[in-house]
Structures are given as C-alpha cells and as structure tokens.
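1. Turn this into a structure:
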Amino acid sequence: MVRFDWGDLKFFLAIARTGRLTAAARVLRVDHATVSRRLRALELALDAKLFEHHPQGYRLTAAGERLLAAAEVMETTALQVESALSGTDAALTGTVRIGAPDGFGTWFLARRLGALLVRHPHLTVQLVPLPRVFSLAKREADIVVTIDPPDAARTDVRRLTDYTLSLYGSRDYLAAHPTIATTADLRDHRVVGYVPDLLFTDTLAYLGDFGVPEGLRFECASVIGQIEAVRAGLGVGVLHDFVAQADPSLVRVLPQTITRTYWIVADVDVLKIARVREVFEFVVDAVAAERFVYG
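-> A predicted model of the protein is given here:
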C-alpha cells in the first residue's frame, strides 16, 4: 500500500498551478526549501516523478497529470467538509477569490462588496480585476466574471447582464478640437483604445465594430487607463456606458453603440462551499439590482 502525507498534496497543487517553487512558496506562505522538501517526499512515497523542470518552470509529467485530477477532487471534498462543519452561513469565514475584467471589477463590483463584508465580517474576499482569462481548473479564482462563457463541463454559468459601449470625449477636449459628426471625422482625432495583441478575447476588439479609421492612437491594456486617458483629454475612446454616463466630464460623441455580455462562472463542486455560494449569489443579486444596458 502506498503511504504518503496527505498534507504534501497542497504543495503539489501549488506547484502545479503556479509552475514554480518560489511562486508556490509565496502562495503557501512558506520558504522555498519547504516546498522542495515536501515535493521530494511525495515523489519518494509514490515512487513517481511528478514534474519535469524546464527553464520556464515546472511541468507535470504523465504521472503528475493523473495525480492532479485526483488531488483536485480531494481538495474540493476537503473544502466542502470544512464548509459544512465550520458553522452556519451567517458566520462565514475563509477566503473567496473573484476574477473579473477590470472595468466590471474596479468600477462596479469593488464598491459594492462592502455590504457583503458587513454581513459576513470574517469572510475575506479577494477581487482580482485584471484584463485576462482566469482558470477555474487551476484554482486561479473561485468565481469568474467573463466576457465569453466557457464550455467546460461541471461549471455553473449564468448570464449576468448585457452592457453597452459608446464613443466618448471629455468636454474640454471636444470644445478644443474639430466636430465629430461621423466616424470618418475621427481621422482628425487621436483614438484611445486597447493594445491589440494583448487582448485576452477577440470579443473586446470593438474599434472595428465602430468603423474607426486608421489614424493617431493611444493604446492602453487597461480599461481603467483608457477611461483616465479620455478624461484627461488625450483623445476620444470607446468606453463602458455604465462608467462614462456617470461622469459629467465625459460626453458621448456618436449615436452608435455595441453590446457585450458579462457572465459569471464557478465550478459546480466549489460552488457547494457555503462561502463561495454566498459570494456568487451576492454578485448575481448586485448586478440584477442595476440597469446596465444604456444604448
């Protein structure tokens, strides 16, 4: 019978998800040597090599891939047991991580999470509002808000809301520059937009949908940076209506709009954990209480 320390599995999972011993050590809040020692102990107990070490980091071997699937099931089961035995939903503890696009995460969700934390003061919510795709399988987040719904099995996917984007400029900028009556007039203006090769989904390549002509550009990988650039008068840009229409310094330039959709996603097993389920439903309810589509 194979005997190993069950605790070594959390070190294995951290390495598998981060790809590096140093990164795993930071996640687990231990030193690099401890991670290396626990991995070695697990490999000796299983008599199997779990990772290949490459210049880019640690990659799972075939044996490691098999162990990963089993270890994640065990991790989820342990979390569910912890949730079931740790008390009622009224006294939730622990950490829940939400991965979200920066526009939604920073401008909408961050200011609303306070109500949840008042209700559950011992709960820690980690909001990661970044322009990227988060992996539920790698536990990069417990809950993901995304532009493109995944087709992965065993996920709970719900449509949060549609939202619109329109072309805006600051009042001062528009007063000092030629009038924009059609998209062709944008040739006389600098357009603030995304960095094309850094888009994490083609759904966000919206300048073509507006028919924006080639010309002067300021490109920023952050939605927040784009909003601040337009507000500062660097040019005109396509912005989220739910952000721009709340700012009196910004003026909508043309009548055209485009519509996109936010989805919320979680692994069905992880969603059985009380604290994750509570946060998931809170986000759903918070969005339902707002009017996102402006047009």
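2. contacts and neighbour counts: CA atoms only from here.
-> OK.
3. residue contacts, the residue nearest to Leu165 when sequence neighbours are not counted?
-> Distance criterion C-alpha to C-alpha, 6 or more residues apart in numbering; nearest residue to Leu165, sequence neighbours excluded, is His240 at 4.5 Å. By C-alpha atoms under 8 Å, 6 or more residues apart in numbering, the contact list for His240 reads 103, 163-166.
4. And stretch 65-76, what's buried?
-> For stretch 65-76, the neighbour count (16 or more other C-alpha atoms under 10 Å) marks 67-68, 71-72, 76 as buried.
5. ok, now stretch 138-146?
-> 139-146.
6. Ok, stretch 119-126 next?
-> In stretch 119-126, counting by 16+ other C-alpha under 10 Å, buried: 120, 123, 125.
7. can you list the residues that contact it?
-> Contacts of stretch 119-126 (C-alpha under 8 Å, 6+ apart): 90-98, 117, 275.
8. Restricted to helices, list these.
-> Using DSSP state H, 117, 275 are the members of those that sit in helices.
9. and which of the contacts of stretch 119-126 is nearest to Val230?
-> Ile98 (27.8 Å; C-alpha to C-alpha).
10. Buried residues, the longest strand along the chain. List them.
-> For the chain, the longest strand by residue count, based on DSSP state E, is strand 250-267. Of all the residues in strand 250-267, those buried under the rule 16+ other C-alpha under 10 Å are 250-253, 257-258, 260-267.
11. now swap in stretch 222-241 and tell me
-> Buried, per 16+ other C-alpha under 10 Å, within stretch 222-241: 222-223, 225-227, 229-231, 233-241.
12. Helix or strand: which one has the nearest residue to Val96 once chain neighbours are set aside?
-> Using C-alpha to C-alpha, 6+ apart and skipping residues adjacent in sequence, the residue nearest Val96 is Val125, 5.0 Å away. Using DSSP states H and E, Val125 sits within strand 123-129.
13. so what pLDDT did the residue nearest to Phe200 when sequence neighbours are not counted get?
-> Using C-alpha to C-alpha, 6+ apart and skipping residues adjacent in sequence, the residue nearest Phe200 is Arg132, 5.3 Å away. Arg132 is assigned a pLDDT of 71 by the prediction.
14. let's number from 714 now, not from 1
-> Understood, numbering begins at 714; the last thing we discussed is Arg845.
15. mind listing what Arg845 touches?
-> By C-alpha under 8 Å, 6+ apart, Arg845 lies in contact with 814, 912-913.
16. who wins for neighbours among those residues?
-> Within the contacts of Arg845, neighbour counts (other C-alpha atoms under 10 Å) peak at Pro814, which reaches 22 neighbours.
17. Which phi and psi values does it adopt?
-> phi -60, psi 150 (degrees, to the nearest 10).
18. Tell me where the protein has helices.
-> 721-731, 734-741, 745-759, 775-798, 815-817, 826-832, 884-889, 936-944, 954-957, 987-1001.
19. Surely Arg884 touches Val966?
-> No: Arg884 is beyond contact range of Val966, at 10.2 Å (criterion: C-alpha atoms under 8 Å).
20. Can you name the residues bridging to Arg872?
-> Trp976 (DSSP bridges).
21. what's around it, how many residues?
-> Neighbourhood size, Arg872 [other C-alpha under 10 Å]: 15.
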